[in-house]
Every structure is written in structure tokens, then in C-alpha cells.
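**Student:** Starting from these lines, generate the structure:
(one chain, ligands or ions: 1)
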Amino acid sequence: MSKNQNDRMEKIVSLCKRRGFVFQSSEIYGGINGCYDYGPLGAELKRNVKEFWWSWMTRRRDDIEALDASILMHSRVWEASGHVGGFVDPMVDCRTCKGRFRADQLDESRCLKKPSKTPAECGGDLTEAREFNLMFKTSLGPVDDGSSAVFLRPETAQGIYVNFHNVAQSARRRIPFGIAQIGKAFRNEINPRNFTFRTREFEQMEMQYFVRPSTDEQWFETWKSDRMDYYREIGLDAESLRYVEHGPGELAHYARAAFDIEYLFPFGWKELEGIHNRGDFDLTRHQEYSGKPQTYFDEETKERYLPVVVEASAGCDRTLLSLLCDAYDEEEAKGGNTRVVMRLHPKLAPVKAGIFPLVKRDGMPERARAIYDDLRTRFRVLYEQSGSIGKRYWRQDEAGTPYCFTVDSETMADGSVTVRHRDAMSQERIPAEKIAEFLDEKTRIS
Ligand code: GAP
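**Tutor:** Predicted coordinates:
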């Protein structure tokens, strides 16, 4: 990472803590590596990211059903999926500094004793690489006798595959159709890194689309382009997005074809989402391991077959981090000051509007408070009366709040309020009774 980009990332991390987007987990106990908590602004932003994805998948189209499967599943699921045998990363230990590193990411790792050097450069004595399974294991019930072992799911997708027939039958779906799910996943990453980019507990937004064999390549192309449209629509800079194809030697054990959508983070191009043609791998394996037929009977063609799956697997936390990185901006302002502004899309912004009285007298606080009370059950809005109006605007700029409505003497005379726009800092007047309509049009996720 260049010095500029390193500085930029440090500023983003510091803003996240200062303004309540992201905190280190268990901070007062010294923190826990690879786990993060979302603060007041972060939790709202995350809800909006999930809502946008959910709406994209299940509201804008009518061929995708919802699912919320449990995190703990039968341990045979993970044998069938290939995770027990093959969900491993190569790990090396350093006998000198006692660090543990991913053998395939030594260039990105830092020696524990000489942090300016990588474990390969520092002259440390590294062991041979060995395989490390990334699944977290726990036990079900009061007796831990080995037979009760279960895993925290490392992906949400398997919950969808094992419910394929339940969903198809209960929702009376015919192929092609998809199943969408948002939920936590856990991976015991050897080296969590880059803030919330690679963590041990994270949330996935996954959609599995079940299609007729021989139509999979066409559906794969459709989803590839749909998912890129999505990232542009949530406001990411098009120049900072790209596809990267997995070569034959890089494909996951389940994939026939795979493309990542990558974003240019300050720490380089990194994966946001994987689009995979998983063939009939998962349903074949679950059929084999469960002994329950997973085939689908097509009423139209009178054929019975195992559907092929096209998967769009996005990381919620990574999407959120990309939005924070993309939104962060600094502007030189009058008096040599720097305005920090988070240019988040209004639909995703944690707080939609600040409602301010210009001054704390002449009935303005009461009027502004009444507007706030009217709005707050429908929109995440904020009331603030302390500090100069300029300082209040700047505070909201840093939080990514796209609009501020100010009650001033004109409001008391004609009922209009000032709307101040975060990005251009321009102002206009609208009737106070039109604020809800204004916010609905600009911020509703649909
Ligand atoms: N079901 C397929 C699957 O899980 P993956 O490429 O391993 O595929 C999908 O993961 C997405 O989940 C990634 O693109 C990323 O956004 C997110 N993800 C994976 N591991 C993660 C981690 N350790 N921390 C944060 N997000 C992660």
C-alpha cells in the first residue's frame, strides 16, 4: 500500500471509531482479532446495505424466494459440501517470532518482531506449510463426546441447497428460480486483515439460482452483468470495479466457472463478490450423502434432472467497507479548514436528515422538534440544536447524512424550511409539509 493510500485507510479507520461506524470487538479487554462491532451509524448503514440487496433480489424481480436457515447444521452437510475435507488454507509457523501465517500470502504478512518486513524477508525460520481447516467446531448438547461435533457455517449457501425441495414445493416454484439468504458465516482465518475486509465472523448475502442444465452458461452471464449493475447502483465508482476470472487452477472444488467482482480498496484490488457456476455439484453430493433424491421433475418437458446452480455470493461487511472507502472525501474549505464528507448514496446513508433550529429561540426549537417528531417514525432522522449551524452541517457531512432541514425566521413566517445538500453544500427552500415526500423520493429503498 502506498503511503497516501495507507494514510487514507488510517483516516477511514479513525473516522469509523470516532463517529461510531465500526469498533474493535471487546475493545476494553484488548480486542479480539478478526472481529468487529458496528456502532450506531455502522449498524444503520449495515441494515441499509442488507435492505438494498434484499430489495434487489426479492422485490425488483419475482423469481427469487427468501430463506433464513440456521447457522448450526447437521455435520454431514459439511462432509457432503467438501468443507470437512477441503476447506483449508496452507499455514506456516515461524520458529523465530512465533507468528502463524498463510503460506500463500507471505508477501502481505508482517513479521511479529520486525513489522517492516514480511516473514520471508526477515530471515525467520519458517516451518513447512501444512493444511489448516478454517471451520469453527463446537459441540451440540451437554455431552462433548466427539459424536456431538457441529460447525459454525462457513457459508450460508449450504442452508439453501438442503432446503431446495422444501422451498420449491412450499412456494410452488418452477425452475428457473432462486433462493436468497442473508446471514452470518464464520471462518477461522489464519491472518484476518485490512480492517473489516477479512474477518473471522462476517455476514454473507447469497443467492443461489437453480436452472435447467444446458441453460447455465447463459444464466451465468446474466448474473455476472446483473451483479455489476448492482455495485454501480449502490454508488461505487465504476472505475474502481472490475471482473476477475478464476483460471482453471484457481477454481473452487465446486465451481465450473467463476468470476469475482473486485473493488479498488486503498489496500489494492480485492474481491467483493464471487459469481460461480456450481454445476450440479452440491445437489449431487447432498443426494449422495443424505440418500434423499434431489432431482427435479419438470412438468413442462416431463424430464427429471438435477438442477444446475448459479451463485451470486456477496460479503455484506466487504460491501460496507467498500462504500466507506468510496465515500470518504476531504475538501479544502474557507479559513484553511478541511471538510470531511462521506458521500454515501442517500438510500444507504445511516441518517437521512438532520433537523435543526437555526437558533435556540423565537419558537424555532419547538417548530423543528415538531417536524422531527413527525418524521422519525418513518425515517432515521436526527434533531440537534447545539453549536453553530455550520458546525452542525459539518458533523452531519462526516456521518454521511445527505440532507439537513433548517427552521429559521422564514419558517416561522411562511412555513418553508432550508434544505442543505451534503455534497454540493447548496441550499434551497421547500414547504415543511413536503419534507416527508422529499425524503421518501430520495431515500426509499425500492
Ligand atoms: N458460497 C460461496 C462462498 O462462500 P466465497 O468467495 O468464499 O464464496 C463469498 O465467499 C463472499 O463472502 C466473498 O466474496 C466475500 O465478500 C465474503 N467473505 C468471504 N470470506 C470472508 C471473510 N473472512 N471476511 C469477510 N468477508 C468474507
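**Student:** The closest residue to A333 other than its chain neighbours: which element?
**Tutor:** Distances taken as C-beta to C-beta, 6 or more residues apart in numbering place R339 nearest to A333, at 4.7 Å, with adjacent residues excluded. Bear in mind the C-beta positions are built from the backbone N, C-alpha and C, glycine included. Here R339, judged by DSSP states H and E, is contained in strand 338-342.
**Student:** tell me which residues of that strand are tucked away?
**Tutor:** 341-342 (16 or more other C-beta atoms under 10 Å).
**Student:** need the contact list for the residue in the chain positioned nearest to the ligand.
**Tutor:** With C-beta to the nearest ligand atom as the measure, G315 is the residue of the chain nearest to the ligand, at 2.2 Å. By C-beta atoms under 8 Å, 6 or more residues apart in numbering, the contact set of G315 is 202-205, 272-273.
**Student:** E121 versus the closest residue in space to E128 that isn't next to it in sequence, what's the distance?
**Tutor:** In space, and not counting its chain neighbours, E128 is closest to V92: 7.3 Å by C-beta to C-beta, 6+ apart. In this view, V92 and E121 are 14 Å apart by C-beta to C-beta, to the nearest Å.
**Student:** what does N33 give?
**Tutor:** Distance from N33 to E121, counting by C-beta to C-beta: 23 Å.
**Student:** In contact with A353, which residues?
**Tutor:** 375, 379, 381-382, 401-405, 435, 439.
**Student:** circling back to that earlier point, neighbour count: V92 and E121, which is higher?
**Tutor:** V92 (23 against 13; other C-beta atoms under 10 Å).
**Student:** How confident was the prediction at the residue of the chain closest to the ligand?
**Tutor:** Looking at G315, its pLDDT stands at 98.
**Student:** Please apply the same query to the one 5 residues further on.
**Tutor:** For L320, the model assigns a pLDDT of 98.
**Student:** residues from the stretch 151-300 of the chain in reach of the ligand?
**Tutor:** Within reach of the ligand by C-beta under 6 Å from any ligand atom, the stretch 151-300 of the chain has these residues: 155, 157, 187, 189, 198-199, 202, 204, 206, 271-274.
**Student:** run the last query once more with 5 Å
**Tutor:** By the rule C-beta under 5 Å from any ligand atom, the part of the stretch 151-300 of the chain lying against the ligand is 155, 157, 187, 189, 198-199, 202, 204, 271, 273-274.
**Student:** Of the residues you listed, which is the most crowded?
**Tutor:** Going by other C-beta under 10 Å, A157 tops those with 25 neighbours.
**Student:** how many neighbours does the closest residue to that one other than its chain neighbours have?
**Tutor:** Spatial nearest neighbour of A157, chain neighbours left out: E206 (5.3 Å); criterion: C-beta to C-beta, 6+ apart. Neighbour count for E206, taken as other C-beta under 10 Å: 26.
**Student:** related to what we said a few turns ago, contact partners for the residue nearest to A333?
**Tutor:** Contacts of R339 by C-beta under 8 Å, 6+ apart are 330-333, 394, 397.
**Student:** quick one: contacts for M205?
**Tutor:** M205 sits in contact with 50, 53-54, 180-182, 313-316, 319, where contact means C-beta under 8 Å, 6+ apart.
**Student:** Tell me if it really is in a helix.
**Tutor:** No - using DSSP: H, G, I helix; E, B strand; the rest coil, the secondary structure at M205 is strand, not a helix.
**Student:** And the pLDDT for it?
**Tutor:** 98.
**Student:** Show me what it is bridged to.
**Tutor:** I182, A314 (DSSP bridges).
**Student:** now Y383
**Tutor:** As for beta bridges, Y383 partners with I355 under DSSP bridges.
**Student:** Tell me which stretches of the stretch 301-446 of the chain form helices.
**Tutor:** Using DSSP state H, counting those that start in this stretch, the helices of the stretch 301-446 of the chain run over 316-327, 364-375, 389-399, 409-414, 435-443.
**Student:** which non-adjacent residue is nearest the residue most central in space within the chain?
**Tutor:** In the chain, the centroid-proximal residue (C-alpha atoms, centre = their mean) is C316; its distance is 1.5 Å. The shortest distance from C316 to any non-neighbouring residue, by C-beta to C-beta, 6+ apart, is to E203 (3.9 Å).
**Student:** the strands in the stretch 201-350 of the chain, which residues?
**Tutor:** Using DSSP state E, counting those that start in this stretch, the strands found in the stretch 201-350 of the chain span residues 201-211, 241-245, 257-265, 268-279, 296-298, 303-305, 308-315, 328-332, 338-342.
**Student:** quick one: I179 is in a strand?
**Tutor:** Yes - membership of I179 in a strand is supported by three-state DSSP.
**Student:** What is the neighbour count of it?
**Tutor:** 28.
**Student:** who's in contact with the closest residue to it other than its chain neighbours?
**Tutor:** Nearest residue to I179, sequence neighbours excluded (C-beta to C-beta, 6+ apart): I160, at 4.7 Å. Applying C-beta under 8 Å, 6+ apart to I160 gives the contacts 67, 69, 167, 179, 181, 206, 208.
**Student:** What count of nearby residues applies to the last one?
**Tutor:** Same thing as Q208. Q208 has 27 neighbours, counted by other C-beta under 10 Å.
**Student:** That one touches Y161, doesn't it?
**Tutor:** Yes - assessed by C-beta atoms under 8 Å, Q208 is found in contact with Y161 at 7.0 Å.
**Student:** what touches both of those two?
**Tutor:** When contacts are counted by C-beta under 8 Å, 6+ apart, Q208 and Y161 have V309 as shared neighbours.
**Student:** Between which two of the contacts of I160 is the distance greatest?
**Tutor:** With distances taken as C-beta to C-beta, the most widely separated pair in those is V167 and E206, at 13.8 Å.
**Student:** picking that back up, out of the contacts of G315, flag the one nearest to L344.
**Tutor:** Closest approach to L344 among the contacts of G315 (C-beta to C-beta): L272, at 16.5 Å.
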